[in-house]
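Student: Fold the following, please.
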Amino acid sequence: MTTKYRGLKIAGKSAAALKSMLRTQVTQLIKYERIETTLTKAKLVKRFADKMVTLGKKGTPIHYQHACAFVREKEMVDKLFGEFAERYEKRNGGYTRVIRTRRRRGDAAQMAYIEYIDRPGEIRKPRPPPDEEEKQRRAAIKAKILAGEPIEAVEIEDEPAVVYEAEAKVGSDASDQTAADD
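Tutor: Sure, this is the predicted structure:
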């Protein structure tokens, strides 16, 4: 049987069990800043974890009460309103990231890490927020798309291609062999 809790669905859990699981996982995510869980649960936790950081950024007493009603430990609420509010002061949403990891042994469930971004020891570095020049460039491209105008080719700045040692050896062996054939 599928249970709904504020528009969320997960099979095999009552609404009370789902809410309890979400509260616990959000609290643990705030505490450890990275947890491993199933992909489905990680996607559910992401929504609530981002909302808790938004409450922490607002910083008013009523938002503190709302966070206390959801998060299980008072120390974690203080962390939200202190450390996280400062860390994500300039970021508008997107405070967490879900990264698929492995299949769980036994039931082959897809596992995933959910973690807060912009923290020390994170798995993958986030893209920096766009500066004003980049925002204007993106707005101009969007306006052209909406107007139906053709867009000129945009050069993408990437890191130079990496040549691995095995590829370099294969290439050098091939060139040595053709030189020997001549």
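Student: ok, then the element right after the longest helix anywhere in the chain?
Tutor: Among the segments of the chain that qualify as a helix by DSSP state H, the longest is helix 39-58. Per DSSP states H and E, helix 39-58 leads on to helix 61-70 as the next helix or strand towards the C-terminus.
Student: And for that next one, what's in contact with it?
Tutor: Applying CB atoms under 8 Å, 6 or more residues apart in numbering, the external contacts of helix 61-70 come out as Arg23, Val26, Phe48, Met52, Leu55, Gly56, Lys74, Val77, Leu80, Phe81. Glycine gets a C-beta too; all of them are placed from N, C-alpha and C.
Student: tell me the angle it makes with helix 39-58.
Tutor: Interaxial angle, helix 61-70 versus helix 39-58 (axes from the mean of the first three to the mean of the last three CA atoms, to 10 degrees): 150 degrees.
Student: Give the buried residues for helix 61-70.
Tutor: His63, Tyr64, His66, Ala67, Cys68, Phe70 (16 or more other CB atoms under 10 Å).
Student: Mean confidence (pLDDT) on it, please.
Tutor: Confidence for helix 61-70, expressed as mean pLDDT, is 92.
Student: so where do the helices sit in this structure?
Tutor: Using DSSP H, helices in the chain cover 15-32, 39-58, 61-70, 74-79, 85-87, 132-147, 165-181.
Student: Give me the helices and strands touching the second one, please.
Tutor: Read that as helix 39-58. Contacts defined by 3 or more CB pairs under 8 Å, 6 or more residues apart in numbering; DSSP states H and E place helix 39-58 against strand 8-11, helix 15-32, helix 61-70, helix 85-87, strand 96-103, strand 110-116.
Student: Output the fifth one as PDB - backbone C-alpha positions only.
Tutor: Output for strand 96-103, consisting of C-alpha atoms alone and laid out as PDB, is shown next (Å, rounded to 0.1, in the frame of the first residue of the first chain):
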ATOM      1  CA  THR A  96      22.000  19.600  -1.000                       C
ATOM      2  CA  ARG A  97      23.200  17.100  -3.600                       C
ATOM      3  CA  VAL A  98      22.200  13.500  -4.200                       C
ATOM      4  CA  ILE A  99      25.000  11.200  -5.700                       C
ATOM      5  CA  ARG A 100      24.200   7.700  -6.700                       C
ATOM      6  CA  THR A 101      26.700   5.200  -5.300                       C
ATOM      7  CA  ARG A 102      26.000   1.400  -5.500                       C
ATOM      8  CA  ARG A 103      23.400  -1.300  -5.400                       C
END
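Student: All set, thanks.
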